[in-house]
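Participant: sequence first, predicted coordinates after that:
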Amino acid sequence: MTENLKPQLVIDDPWLDPYVDDIQNRIDRYQETVAALEKDNGSLLTFASAYTYLGLNYDKQQLGWWYREWAPGAQGLFLMGDFNGWDRTSHPLTRGEKGVWEIFLPDAEYQNTFTHEGLLKVHVVGARGGQDRIPAYIRRVVQNEETKDFAGQLWAPAQEFTWSDGGFDGTAAAKMPIIYEAHIGLATEREGVGTYTEFADEVLPRIKKLGYNTIQLMAIQEHPYYGSFGYHVANFFAPSSRFGTPEELKYLINKAHNEGLAVIMDLVHSHAVKNEAEGLSFFDGTEGQYFHEGGRGYHNSWDSKLFNYGKREVQQFLLSNVRYWLEEFHFDGYRFDGITSMLYFHHGDYTEFDHYDKYFKDGVEWDAVTYLQLANTVAHQTKPGVMTIAEDFSGMPGIARTPEDGGVGFNF
């Protein structure tokens, strides 16, 4: 390949010249995927907006609630909850195109029963029988303190949160972040699980006084096992209710912005909890809906499930999740957790990265590389100036270069 046609990453690092074809293939896969998604959806951001269609969404024109779920392998879905006395058969969903099921609950009939804070689940009938599940795109999940059972919760407060952070500019923090990493539940001095409000009122002032310009929050996405420190995620669109309400998390971020502090979150897309009662495993009755089947879909060291990053619906779920937290909660970026595990079939376990072959030839999970390029692109298109950080211990060349240069797209 002539010098002027080489990827910029190779031009800048001549040691990568033997791998110029591999790096060009990385670029080609990314560009071909973007082109296909734009052709089918109009834009990458439109593709990454599934949370406005799937899950529970209020229709202001038709005046009622839609619940939609992608479950191509299911034989039947039934919405149940407080609103219908937890009847597993009275509210069936209708199957539509591409395995998406839906039901509409009009206000005229349900405004006094399908209400804010009402608990719900979906009964999914599949090849393995019937199971009560939590909707995949649910935005709030709570645990019953007596039974310890988790359930989805309709969250529709009468008054929306009022943001006052319009003047915040996180550009300086994104260029040179000084990061304070914190876990909401562990951040207070009192015994017990801390809250979003306590963190905002008691911890933020100390962080500001110490000279930090960025806060990195762990354990935001809902997780059934508190001891996992938030890394066994079950409900990807739900801020953990252990620490308070969605509005209280927004209060924290709004207050941080008004103090001049950027807020990023640990985003866990490297794996998911294997629990079926709370998570996505076997959701529609099949093993391969969200995750790879067999050994490729299981992380031995983490005892968790591994996403199929090459599947369009999985890409849409995860990319929509990237967009969701930036738009709905005004986060300023992400620290992508455990991406070494994503980048290689061996997950980085018992591997010494002592040769360039190990970045381009031996066991590289190219679907995951392309997904991470897409995730970074969605993040930067959603919020210009966003900060994305890769937790990678392998030293993958180009991890913090743009996809166009042959990189993966992270800032750091």
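Facilitator: Nice, I can see it. Residues are numbered from 1 along each chain as shown.

Participant: now A74: how far from F283?
Facilitator: According to C-beta to C-beta, to the nearest Å, A74 and F283 sit 8 Å apart. For glycine as for every other residue, the C-beta is placed from the backbone atoms N, C-alpha and C.

Participant: overlap in contacts, those two.
Facilitator: Common neighbours of A74 and F283, using C-beta atoms under 8 Å, 6 or more residues apart in numbering, are V124.

Participant: walking through the stretch 301-412 of the chain, point out its helices one by one.
Facilitator: Listed in chain order, the helices of the stretch 301-412 of the chain (DSSP state H, counting those that start in this stretch) span 312-329, 339-343, 357-360, 366-382.

Participant: can you list the weak-confidence ranges in the stretch 1-150 of the chain?
Facilitator: Low-confidence segments of the stretch 1-150 of the chain, defined by pLDDT under 70, span residues 1-4.

Participant: all strands of it, in order?
Facilitator: In the stretch 1-150 of the chain, the strands defined using DSSP state E, counting those that start in this stretch lie at 55-59, 64-70, 76-81, 94-95, 100-106, 119-126, 129-133, 141-143, 150-153.

Participant: other SSEs contacting the fifth one?
Facilitator: Here strand 100-106 is seen to pack against strand 64-70, strand 94-95 when contacts are counted using 3 or more C-beta pairs under 8 Å, 6 or more residues apart in numbering; DSSP states H and E.

Participant: what comes up buried for that strand?
Facilitator: For strand 100-106, burial by neighbour count (16 or more other C-beta atoms under 10 Å) applies to 100-103, 105.

Participant: turn the strands of the stretch 1-150 of the chain into CSV, columns for distance to F161.
Facilitator: Formatted as CSV, the strands of the stretch 1-150 of the chain follow (distance: least, C-beta to C-beta, whole Å):
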stretch, distance to F161
strand 55-59, 16
strand 64-70, 20
strand 76-81, 24
strand 94-95, 33
strand 100-106, 24
strand 119-126, 22
strand 129-133, 29
strand 141-143, 19
strand 150-153, 17
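
Participant: out of these, flag the one nearest L186.
Facilitator: strand 141-143 (18.4 Å; C-beta to C-beta).

Participant: one step back: closest to Q315 out of the helices and strands packed on strand 100-106?
Facilitator: For Q315, the closest of these is strand 64-70, at 12.3 Å, according to C-beta to C-beta.

Participant: partner strands of that closest one and their direction?
Facilitator: strand 55-59 (antiparallel), strand 100-106 (antiparallel) (DSSP bridges).

Participant: in TSV: these, plus distance to A219.
Facilitator: Shown next, in TSV, are these (distance: least, C-beta to C-beta, whole Å):
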stretch	distance to A219
strand 55-59	22
strand 100-106	31
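
Participant: of all the helices and strands packed on strand 100-106, which one is nearest V263?
Facilitator: Using C-beta to C-beta, the nearest of these to V263 is strand 64-70, at 30.3 Å.

Participant: how far away is the residue nearest the centre of the chain from V193?
Facilitator: Centrality entry for the chain: nearest residue to the mean C-alpha point is N321, 3.9 Å, by C-alpha atoms, centre = their mean. Using C-beta to C-beta, N321 is found at 24 Å from V193.

Participant: what does R140 give?
Facilitator: 17 Å.

Participant: the more surrounded of the two?
Facilitator: R140 (21 against 15; other C-beta atoms under 10 Å).

Participant: my guess is that one contacts Q153. True?
Facilitator: Yes: counting by C-beta atoms under 8 Å, R140 does reach Q153; the two are 4.5 Å apart.

Participant: identify the contacts common to the two.
Facilitator: S241.

Participant: let me have the buried residues of strand 100-106 in JSON lines, extended by distance to F353.
Facilitator: Below are these laid out as JSON lines (distance: C-beta to C-beta, whole Å):
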{"residue": "V100", "distance to F353": "41"}
{"residue": "W101", "distance to F353": "44"}
{"residue": "E102", "distance to F353": "47"}
{"residue": "I103", "distance to F353": "50"}
{"residue": "L105", "distance to F353": "53"}
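
Participant: which one of those sits closest to T377?
Facilitator: V100 (25.1 Å).
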